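Asks: Just to be clear, the model below is a prediction. Sequence and coordinates:
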Amino acid sequence: MKVEAETRPKTAARQRADEIKAFRCKNLIAVIEDPSEIRNIGTVIRNANALGAEKVYIIDPRKKLPNDWGDMRDEKALSSTSVSGVKWTFVKRFDSTEACLAHLERNGFVSIVTSPHVKGRTNILLSDGDYTAHHKLAVWFGNESRGISALAVEHSDMCVSVPMFGMIESLNLATSSGIVLYEVTRQRRAYQSVFSRRDRKGRRETPLPLVMDRDAP
């Protein structure tokens, strides 16, 4: 029986998961802080999975979601809006920003937040950032109406903004997460391509010239 199980053909989904494994961005977490709408949570999970982020953390003080990832995978609202991305992306919820920050810092992650200019902080445009500087990186996205919290900004390495050129000067959560994660994952995949197989700590074998996509939004 054991031999039969080992030789059983893989499903198409499992084959796809194996094929893309090398392209996932290790130690990259997308953090959603206090989202109001479950459909937006599902969309960010979908973006994170499609673009190759490793995990999604959700700060959920209203307790809209179950604690266990297995239960989240059975949540119809999440499964439908994430197009089943929640089944293929590890998702963890936290009761508070404080709890999430403590967990990230305890595990050696550096946080950056998506936010307009904040006085007294390092502020950069998305295309000007080097998102390979930290081996473990958490990218924060704020509430749909209030944005990112002052506490998350205080504990972040820098504030990243998407430049705006229209009369509308803000993007919704789904759109901003897609744009930001695209640039972050693009850089980190290029960085990972020069990792030494023998070096599991993330040091480069040779310096990688960082080429910014200046035409990116």
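Replies: On my side now, so go ahead.
Asks: Am I right that residue 113 is in a helix?
Replies: No. Assessed with DSSP: H, G, I helix; E, B strand; the rest coil, residue 113 is strand; it does not lie in a helix.
Asks: neighbours of it, just the number please.
Replies: By the criterion of other C-beta atoms under 10 Å, residue 113 has 26 neighbours. Bear in mind the C-beta positions are built from the backbone N, C-alpha and C, glycine included.
Asks: Surely it touches residue 160?
Replies: Yes. Taking contacts as C-beta atoms under 8 Å, residue 113 lies within contact range of residue 160: 7.1 Å.
Asks: intersection of neighbour lists for the two?
Replies: Both residue 113 and residue 160 are in contact with residue 139, where contact means C-beta atoms under 8 Å, 6 or more residues apart in numbering.
Asks: Does residue 61 fall in a helix, a strand, or a coil region?
Replies: Criterion first, three-state DSSP; result for residue 61: coil.
Asks: these two touch, right, residue 170 and residue 161?
Replies: No. Contact criterion C-beta under 8 Å: residue 170 and residue 161 do not qualify, at 10.3 Å.
Asks: And the two? Which one has more around it.
Replies: Under the neighbour definition other C-beta under 10 Å, residue 170 and residue 161 were set side by side, and residue 161 has more, 18 against 11.
Asks: Now do the more buried one, the pLDDT please.
Replies: Model confidence at residue 161, given as pLDDT, is 96.
Asks: tell me the SS of the most centrally placed residue in the chain?
Replies: In the chain, the residue lying closest to the centroid (C-alpha atoms, centre = their mean) is residue 30, at 2.4 Å. Assigned state for residue 30: strand (three-state reduction, three-state DSSP).
Asks: Also residue 27?
Replies: strand.
Asks: And for residue 91?
Replies: strand.
Asks: contacting residues for it?
Replies: 45, 55, 56, 57, 58, 69, 72.
Asks: Counting neighbours, what do you get for residue 126?
Replies: Using other C-beta under 10 Å: residue 126 sits among 21 other residues.
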